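In: What follows is a predicted structure for the sequence shown.
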Amino acid sequence: MLMEYIIQALKGAINLIFTLDPEVSTVVSTSLQLSLTSTVLAAIIGTPLGIMITKFDFTGKHFLNTILNTLLSLPTVVLGLLVFSFISRRGVFGEWGLLFTMRGIIIGQVLLILPIIIALVRNAIHDVDEKMYKTAVSLGATGTQQFRLLLSEARYGIIGALITGFGRVVGEVGVSMMLGGNIKGYTRTITTAIAMETNKGRFSFGLALGIILLSISFIINYIIYYFQSGEFK
Amino acid sequence: MKNIILEANNIKKRYDKEAVLDLDNIKIFESAFNFLIGPNGSGKTTLLNILSLVDTDFKGEVIYKGQPVKKVNFDLLDLRRNFSVIWQNPYLFKGSVASNIALPLKLRNVKEDEIASRVENIAKKLEITNLLNKKSDELSGGERQKTSIARSLITNPEILFIDEPNISLDYQSTQYFNDLFLRLTSEGTTILLITHDLYQINNFAEYITILNDGKVVKSGSDIELDY
Amino acid sequence: MNNSKKLIILTVLFTLVVSFVFTNSSVIAQDRLILATTTSTENSGLLDVLIPPFEEKFNTRVDVVSVGTGKAISLAENGDADIILVHARAAEEAFVEAGYGVNRRDVMYNDFIILGPASDPAGISGMEDAGSAFKKISETSSPFVSRGDDSGTNKKELSIWSGVGIESSGNWYIETGQGMGASLNVANEKQAYILADRGTFLAYKADLDLEILVEGDPELFNPYGIIPVNPAVHNHVNYQMAMAFVGYITSQQGQKIISEYTAYGEVLFNPSAIKPENIE
């Protein structure tokens, strides 16, 4: 019956897209809002941190790098549980009313992809030739200009880091489910919807949603590559 | 007798607890072809980086036109923008040759159209107009060196620091650049050149500083070398 | 970078900031009620019909968080929900007893059914007593699928086993740890017996090769209770709106909607706050 599931799923996906099914549209828009916001925030926080880890020497650097690498394997459900314990009413930040809101999800997702972004940015910066820095200084670049030159030279690696972060976050379900509650019309994302439908036994509908998710991811990646195409090797 | 434009006193530099430089006095003369020579590992490049103010991690004093240089960002920036450095195996930024050459002008917020014409001029002067649209990672060693030279000259630097440029260049280009550097000094540019090339040393050097093991061995204007 | 790229980036960032601001629910001038309930309740589709009139009348957004019974109650105990709608009588009573819930009302009931393969190896078809049917299944070691997830259905199933003094374990007893739909699929695959709520069964009947073998035993009735979280324990809960919801769901309007809700051609729920004959 596997082929049937897949064919049904494909038909289902096309149907949902072309009829602009309102529930699916809501769920897609929620997923996009969340993933894009989380990725941008994690990028803003994580990129400078990734640069600092590469550039500065401090005791425990080795240890910190190892921890970062370990966090790449963090299961989303575990992180969801951790953050849940903080933002539930019983938790330290309970007063802030973050549970079952989009903000709660964003906090969890940012924490989820920060290690990824920091680690990959660290790698990208590390790959920039040492000579770049001296050259920039001798050319008369100010501190800010040096920073921008560094970002520019490392841009493929950095963009790769952001794409990876986005991919991780748009396809995750553990954090969204735990912190968002899969509330219809509000915090239900493509992934939590898939989990719910699968739980109900509606596999081909779940698969259809999955196909839609992958299509969106494909489109976004394509757009990004298009913008780099002038200089992309 | 030409003026001293740049002088350095009591320069000491350590690298991992080892003394790399321990100098008493270094002089660089204005509008002159200054040479810095010595065996490999004697600290020439390290000294060049200090004199050009790229490296500020040292003890001692650098004096520019009689004024001690303060290791303060504003002052350093001003002076760095008056100097240019050409290194061995230069680093070129991602993008075209033209964008690399234009970079120092962009950093100084020069207007777009002025940048374009100046890039064109310097490219013509150095005969690399055909390279302008090539990507920086598609160049041969010699082409990279020429691009780096164009990038360093486009700002009309007061002092030009050059670290063994001949390595990647063929004989013709070496000749060409010897002429170019001589012309520059006659037009007023100060040059400090690190080189092993005996021909250059014996024919062009106006003032030579010899380094060995991080110390000045000899310096003067009438040194003849024959090793 | 050139100007058009800058513009696009700025637009994207602007959109993000705007959407982030708007994800702050306090920007939207609306009240909010967090209702924790079970997955089977939400999956039945009843809430899609029952809630909108309430939302409109009281200008409130009802956020339905559907999880397992255990978690729904735990959310309420923590104050993460304002009100719960569950079907686990013993747990509900403990909840109120401990002071977490107040003003509990009966809302409705649906029923469970024992499903199994047409071949009926344990011979339970048509039996009137659920406990005896379970006994026969255990005695014949016929495959039986349990949700094993502390849900309302699971609790009911376990209470039937303990009612006839059987500890359900062995190779024939399969625990899925999953929801009703998924567990039904497993039972279907293995052609096993399973206790299910009628609503979910109706939803998947078309895809299942299982039949209703036992139904109607009052022990299989599944009563639902609605319980607001006690504001004395959690002073931030939207108690007023929770009470409004209790009022609504036990009123003529709410009870009527419940009694008329059909799925797959059958009525799923029976109102219990107002006797059917008294509903207008």
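Out: Cool, got the structure.
In: Helices along the chain, start to end?
Out: I went with chain A, as the question did not name one. For chain A, the helices defined by DSSP state H cover A:2-18, A:22-55, A:61-71, A:76-87, A:102-126, A:131-138, A:143-153, A:155-170, A:174-180, A:190-200, A:203-228.
In: wrong one, chain B
Out: Using DSSP H, the helices of chain B run over B:44-51, B:73-80, B:97-107, B:112-125, B:141-153, B:171-186, B:198-204.
In: How far away from the center of its chain is the shortest one?
Out: From the chain centre to the centre of helix B:198-204 is a distance of 17 Å (CA atoms, centre = their mean, to the nearest Å).
In: and if you look at stretch A:76-86?
Out: Mean C-alpha position of stretch A:76-86 versus that of the full chain (CA atoms, centre = their mean) differs by 16 Å.
In: Buried ones in it, by neighbour count?
Out: A:76, A:79-80, A:83-84, A:86 (16 or more other CB atoms under 10 Å in any protein chain shown). Heads up, the C-betas are built off the backbone N, CA and C, glycines and all.
In: Looking at those, which is nearest chain C?
Out: residue A:84 (8.9 Å; CB to the nearest CB).
In: Grab the nearest non-local neighbour of that closest one.
Out: Computed as CB to CB, 6 or more residues apart in numbering or on different chains, the closest residue to residue A:84 that is not its neighbour in sequence is residue A:178, at 5.1 Å.
In: The one you found: what's it in contact with?
Out: Contacts for residue A:178 (CB atoms under 8 Å, 6 or more residues apart in numbering or on different chains) come out as A:77, A:80-81, A:83-84, A:108.
In: Now that residue B:105 has come up, it's in contact with residue B:155, right?
Out: Yes. Contact status for residue B:105 versus residue B:155: in contact at 6.9 Å, counting by CB atoms under 8 Å.
In: ok, back up a step: okay if I get the helices of chain B as a markdown table plus mean neighbour count, distance to chain A and mean pLDDT?
Out: Shown next, in a markdown table, are the helices of chain B (neighbours: other CB atoms under 10 Å in any protein chain shown; distance: least, CB to the nearest CB, whole Å; pLDDT from 0 to 100):
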| stretch | mean neighbour count | distance to chain A | mean pLDDT |
| --- | --- | --- | --- |
| helix B:44-51 | 22 | 7 | 93 |
| helix B:73-80 | 15 | 5 | 88 |
| helix B:97-107 | 22 | 5 | 95 |
| helix B:112-125 | 14 | 14 | 93 |
| helix B:141-153 | 22 | 7 | 92 |
| helix B:171-186 | 15 | 17 | 87 |
| helix B:198-204 | 14 | 22 | 87 |
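In: Distance to chain C added to the ones you listed, as TSV?
Out: Listed next are those as TSV, based on distance: least, CB to the nearest CB, whole Å:
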stretch	distance to chain C
helix B:44-51	31
helix B:73-80	24
helix B:97-107	12
helix B:112-125	11
helix B:141-153	21
helix B:171-186	34
helix B:198-204	42
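In: so which of the ones you listed gets nearest residue B:163?
Out: helix B:44-51 (5.7 Å; CB to CB).
In: got the contact list for that closest one?
Out: With CB under 8 Å, 6+ apart as the test, helix B:44-51 has contacts from A:134, B:6, B:8, B:11, B:13, B:20-21, B:23, B:26, B:28, B:36-38, B:55-56, B:58, B:62, B:85, B:161, B:163, B:192, B:194, B:211.
In: in the stretch 51-200 of chain C, which spans are helices?
Out: For the stretch 51-200 of chain C, the helices defined by DSSP state H, counting those that start in this stretch occupy C:69-78, C:89-97, C:130-139, C:152-163, C:180-190, C:198-204.
In: Switch the contacts of residue A:178 over to JSON lines; also include pLDDT.
Out: As requested, the contacts of residue A:178 are arranged in JSON lines below (pLDDT from 0 to 100):
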{"residue": "A:77", "pLDDT": "93"}
{"residue": "A:80", "pLDDT": "95"}
{"residue": "A:81", "pLDDT": "95"}
{"residue": "A:83", "pLDDT": "96"}
{"residue": "A:84", "pLDDT": "95"}
{"residue": "A:108", "pLDDT": "96"}
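In: from those, which is closest to residue C:210?
Out: Nearest to residue C:210 among the contacts of residue A:178: residue A:77, at 31.4 Å, using CB to CB.
In: what's the closest residue to residue B:126 other than its chain neighbours in contact with, if anything?
Out: Using CB to CB, 6+ apart and skipping residues adjacent in sequence, the residue nearest residue B:126 is residue B:150, 5.2 Å away. With contact taken as CB under 8 Å, 6+ apart, residue B:150 is in contact with B:101, B:122-123, B:126, B:128.
In: longest strand of chain B?
Out: strand B:4-15 (DSSP state E).
In: List the buried residues of that one.
Out: The neighbour-count check on strand B:4-15 (16+ other CB under 10 Å) flags B:4-8, B:11, B:13 as buried.
In: ok, so of the residues you listed, who is nearest chain C?
Out: The closest of those, once distances to chain C are taken by CB to the nearest CB, is residue B:6, at 37.6 Å.
In: my guess is that closest one contacts residue B:63, does it?
Out: Yes. The pair residue B:6 / residue B:63 is scored as a contact, 7.2 Å apart, by CB under 8 Å.
In: where's the one residue in chain C that gets nearest to chain A relative to residue A:113, distance?
Out: The minimum distance from chain C to chain A, using CB to the nearest CB, falls at residue C:181 (3.1 Å). For residue C:181, the distance to residue A:113 (CB to CB, to the nearest Å) stands at 31 Å.
In: Please name the bridge partners of the closest residue to residue B:215 other than its chain neighbours.
Out: Among residues not flanking residue B:215 along the chain, residue B:22 sits closest, at 5.6 Å (CB to CB, 6+ apart). In this entry, residue B:22 is beta-bridged to residue B:12, by DSSP bridges.
In: quick one: contacts for residue B:22?
Out: By CB under 8 Å, 6+ apart, the contact list for residue B:22 reads B:11-12, B:214-215.
In: give the contact list for the residue nearest to residue C:205 when sequence neighbours are not counted.
Out: Once flanking residues are discounted, residue C:205 sits nearest to residue C:264: 6.9 Å by CB to CB, 6+ apart. Neighbouring residues of residue C:264 by CB under 8 Å, 6+ apart: C:202-203, C:205.
In: Who wins on neighbours among those residues?
Out: Highest neighbour count within these, by other CB atoms under 10 Å in any protein chain shown: residue C:203, with 24 neighbours.
In: Could you report the pLDDT at that one?
Out: Listed pLDDT for residue C:203 reads 83.
In: got any ranges where chain A has weak pLDDT?
Out: Along chain A, segments meeting pLDDT under 70 span A:1-2, A:201, A:227-233.
In: Get me the contact residues on it for chain B.
Out: A:129, A:131-132, A:134-135, A:137-143, A:145, A:149, A:152-153, A:155, A:231, A:233 (CB under 8 Å from any CB of the partner chain).
In: ok, and which of those residues reach chain C?
Out: Okay, of those, nothing touches chain C (CB under 8 Å from any CB).
In: Just the buried subset of the residues you listed, written out for ChimeraX, thanks.
Out: Burial among the residues of chain A next to chain B is assessed by 16+ other CB under 10 Å; the matching ChimeraX selection reads:
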select /A:132,134,135,137,138,139,140,141,142,145,149,153
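In: for the helices of the stretch 51-200 of chain C, which one sits closest to residue C:238?
Out: Nearest of those (CB to CB): helix C:69-78, 12.7 Å.
In: The closest one near chain A at all?
Out: Yes. Using CB under 8 Å from any CB, helix C:69-78 reaches chain A at residue C:78.
In: ok and that helix relative to helix C:152-163, angle-wise?
Out: 110 degrees (axes from the mean of the first three to the mean of the last three CA atoms, to 10 degrees).
In: Quick check: next helix or strand after the helix or strand bottoming out on mean pLDDT in chain C?
Out: The weakest-scoring helix or strand in chain C, judged by mean pLDDT, DSSP states H and E, is helix C:3-22 (a mean of 64). Downstream of helix C:3-22, the next assigned helix or strand under DSSP states H and E is strand C:31-38.
In: and the contacts of helix B:44-51, which are buried?
Out: For the contacts of helix B:44-51, buried by 16+ other CB under 10 Å: A:134, B:6, B:8, B:11, B:13, B:20-21, B:23, B:26, B:28, B:36-38, B:55, B:58, B:62, B:85, B:161, B:163, B:192, B:194, B:211.
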